[in-house]
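Visitor: What follows is a predicted protein model with its sequence.
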Number of protein chains: 2
Amino acid sequence: MSDIMNRQLRLKARPEARVGAEHFSLVETPLPELREGEVLIRVLYLSMDPTNRVWMSDIPQYLPPVAIGETMRALGIGRVSASRSEKFAVGDLVQGLVGWQDYAHVAADEVPKLLKLPAEPGLPLPTLLGACGMSGLTAYYGLTEIAPVQPGETLVVSAAAGSVGSIAGQIGKIHGARVVGIAGGEEKCRYLTETLGFDAAVDYKAPDWKTALKAATPDGVHVNFENVGGEVMRAVLSRMVIGGRVALCGVISSYNSNGGRAGDDFGVLISKRLTMRGFLILDYRKNREAMQQLAGWLRDGRLKAEETVAEGLEHAPEVLNRLFDGSHRGKLVLRVAEDA
Amino acid sequence: MSDIMNRQLRLKARPEARVGAEHFSLVETPLPELREGEVLIRVLYLSMDPTNRVWMSDIPQYLPPVAIGETMRALGIGRVSASRSEKFAVGDLVQGLVGWQDYAHVAADEVPKLLKLPAEPGLPLPTLLGACGMSGLTAYYGLTEIAPVQPGETLVVSAAAGSVGSIAGQIGKIHGARVVGIAGGEEKCRYLTETLGFDAAVDYKAPDWKTALKAATPDGVHVNFENVGGEVMRAVLSRMVIGGRVALCGVISSYNSNGGRAGDDFGVLISKRLTMRGFLILDYRKNREAMQQLAGWLRDGRLKAEETVAEGLEHAPEVLNRLFDGSHRGKLVLRVAEDA
């Protein structure tokens, strides 16, 4: 045993709706000694993602649900603080599924899954989790591989002020599309059009938002980058042109209810001959070319990134809820420790 | 006015659930005289299709809903009994949206939409509405353009004993796939495996059908030709391989409730990275090459067609319900008149 203490948030009970502190135990234990091939990571930032909520539910999904008693799974960035692996040296900056804890003790067979970041990345660490990380890559692949958008087409992005949506809309503009974002509240909508350069924004909290969506898409919708599902997606699908394409990235509106919602209807895919393609960034996550493209756009100002940084590992459950309340903009990250 | 009387079934009220005689008025009127460019068709067979039910509902769809007071829209086959169009002569066999009536009086601007069939087609007329008509074409395009199935892959077809499903499964076999059909009842399931050559059949009315589906798809499902939606589709999607493809042809399970059902969930498209493509045969309906391919397969016995023929225009509403009760096999048609 080491004399360093590690705090972990372990899943105690599966939430039925919103996540709360009551669903986790905060456990403090000394770190075990490293064995051959293992790595210890000091967690610096945790990425707060809608998919975290899915992992807490015992429903069929792309990874096994987090087990009761297990440390909550989460993507994050940290620095190697001890290493018995040839692959990593103390001080290396890494990204991986570090979990909701102060230190990630990475077993030898898990070490290959860690992504080494440049020691001096030239971008703030939260950006490496956001616009130049998984969020940015998700937006990038959604609009290149999954549902490529062509110049002159209309792209509608939901959750458009969020980490993925805000980048997706800007990439749509880079590709020459007319871009309409859907977000909650006037302030976010102004942010989309005035700061990020979207052509139009629709506030889904306004009573007449469906009329506004119609007015903002006079030629219909060619591509939908969908993050929300439910009522928002239904409204967008109703505006799609025949043969339109949907990059289905998320259905966050259903995550707190552990599945689909009444009123979801696949029939519109038939009547409009739509192609809907679900995707996970998991399949593309190590593509450095795309990351360099995103980094280039960020450096030359074509892409604007914003992060909302919350503090304190112990607040992770309540911070995660901000994704569902919409009380953040851009990438939501949790700072666990200062980078030394 | 002509002295020929025409019976028409006109939509009187929109059904909320099952269709009944009470939703239609049977109106008898003399046929008007033909004007320049117009055609009169003696209706012989009506195609009874799930989409007919959708047309009765005032929900967003690919054609305008049938208006209250309007003759029910339906595809059918008939013979030209009078013509003032250069395009058609008396005695020509035609297919088109003839409607639920004895005679279709086709306006000049609608005449181009009629499809002329060979005078001696060499196949029974119901087959021209079924395996060698819209149903066969739907199956054909679903498995070639929409979700091509490769040799060795597993294809699951729902409503597999129906007009489209029975052909889709057989085309899957022709393409070298392992084909599993889902149908209601032991007799239909035997028909699929013993007569049509499916590799396996799953009776969704049996209590353990989801276990049976799992057992019948040991390597997962690569392509789903989906006709049903709802619970059946959910079970199939849960068996799909990562990156599987869905040809979404119909969601008949929701047509009697005018839309989607509780529990429908788009999330599985993400977790399994599925591509779901909705399609309508409307977009492919005049492709004679595909029809010739189907006719060739029918002649050489690689494709088996079955039709269920009901009698009497006045029974159309109750006959349509057989599509939803599953009390038919293959193509369901209504004979309105004997071919002279």
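Guide: Great, that's in hand. Residues are numbered from 1 along each chain as shown, chains lettered A, B, ... in the order given.
Visitor: Name the residue of the stretch 1-150 of chain A that lies nearest to chain B.
Guide: Nearest residue of the stretch 1-150 of chain A to chain B (C-beta to the nearest C-beta) works out as A:Y62 at 4.2 Å. For glycine as for every other residue, the C-beta is placed from the backbone atoms N, C-alpha and C.
Visitor: show me the contacts for A:N227.
Guide: Contacts were defined as C-beta atoms under 8 Å, 6 or more residues apart in numbering or on different chains; by that measure A:N227 touches A:P50, A:V157, A:S158, A:A159, A:G162, A:V164, A:G165, A:C249, A:G250, A:V251, A:I252.
Visitor: 10 Å - rerun?
Guide: A:50, A:138-139, A:142, A:157-160, A:162-165, A:168, A:182, A:233, A:247-253 (C-beta atoms under 10 Å, 6 or more residues apart in numbering or on different chains).
Visitor: and the gap between the closest residue to it other than its chain neighbours and chain B?
Guide: Using C-beta to C-beta, 6 or more residues apart in numbering or on different chains and skipping residues adjacent in sequence, the residue nearest A:N227 is A:A159, 3.9 Å away. Taken as C-beta to the nearest C-beta, to the nearest Å, the spacing of A:A159 relative to chain B amounts to 14 Å.
Visitor: what's around the closest residue to A:N287 other than its chain neighbours, how many residues?
Guide: Nearest residue to A:N287, sequence neighbours excluded (C-beta to C-beta, 6+ apart): A:L137, at 7.0 Å. Number of residues near A:L137 (other C-beta atoms under 10 Å in any protein chain shown) recorded here: 22.
Visitor: related to what we said a few turns ago, tell me if I am right that the residue nearest to A:N227 is in a strand.
Guide: No. Counting by DSSP: H, G, I helix; E, B strand; the rest coil, A:A159 falls outside a strand, being coil.
Visitor: tell me the contacts of it?
Guide: Counting by C-beta under 10 Å, 6+ apart, A:A159 has contacts A:50, A:165-166, A:168, A:181-184, A:188, A:204, A:225-229, A:232, A:249-250, A:252-253, A:323, A:326.
Visitor: which phi and psi does it have?
Guide: Phi and psi for A:A159, reported as degrees, to the nearest 10, are phi 50, psi 50.
Visitor: what's the answer for the one 5 residues further on, then?
Guide: Recorded main-chain torsions at A:V164 are phi -80, psi -50, according to degrees, to the nearest 10.
Visitor: hang on, isn't it packed against A:G130?
Guide: Yes. In this structure, A:V164 is within contact of A:G130 by C-beta atoms under 10 Å, at 9.1 Å.
Visitor: Now for these two: what residues contact both?
Guide: By C-beta under 10 Å, 6+ apart, A:V164 and A:G130 have these common neighbours: A:G136, A:G330, A:K331.
Visitor: How about the contacts made by the residue nearest to A:H222 when sequence neighbours are not counted?
Guide: Among residues not flanking A:H222 along the chain, A:E153 sits closest, at 3.8 Å (C-beta to C-beta, 6+ apart). Going by C-beta under 10 Å, 6+ apart, A:E153 touches A:172, A:175-179, A:219-223, A:241, A:244-245.
Visitor: what are the ranges of the helices in chain A?
Guide: A:50-55, A:125-129, A:134-141, A:163-174, A:186-190, A:209-216, A:230-238, A:267-271, A:288-299, A:316-325 (DSSP state H).
Visitor: Among those helices, pick out the one with the most neighbours on average.
Guide: Of all those, helix A:163-174 has the most neighbours on average by mean count of other C-beta atoms under 10 Å in any protein chain shown, namely a mean of 28.
Visitor: Okay, angle between it and helix A:288-299 too, please.
Guide: 80 degrees (axes from the mean of the first three to the mean of the last three C-alpha atoms, to 10 degrees).
Visitor: Find me the pLDDT at A:A262, would you?
Guide: We note a pLDDT of 59 for A:A262 in this prediction.
Visitor: Hmm, A:G296 is touching A:Y140, no?
Guide: No. Applying C-beta under 10 Å, one finds A:G296 not in contact with A:Y140, separated by 11.8 Å.
Visitor: The residue of the stretch 1-150 of chain A closest to chain B and B:R273, how far apart?
Guide: 8 Å (C-beta to C-beta, to the nearest Å).
Visitor: anything in contact with each of those two?
Guide: A:G278, A:L280, A:L282, A:D283, B:I242.
Visitor: and the closest residue in space to A:R42 that isn't next to it in sequence, what does it touch?
Guide: Spatial nearest neighbour of A:R42, chain neighbours left out: A:S81 (4.4 Å); criterion: C-beta to C-beta, 6+ apart. Contacts here follow C-beta under 10 Å, 6+ apart; on that basis A:S81 touches A:4, A:31, A:39-43, A:90-92, A:103-104, A:340.
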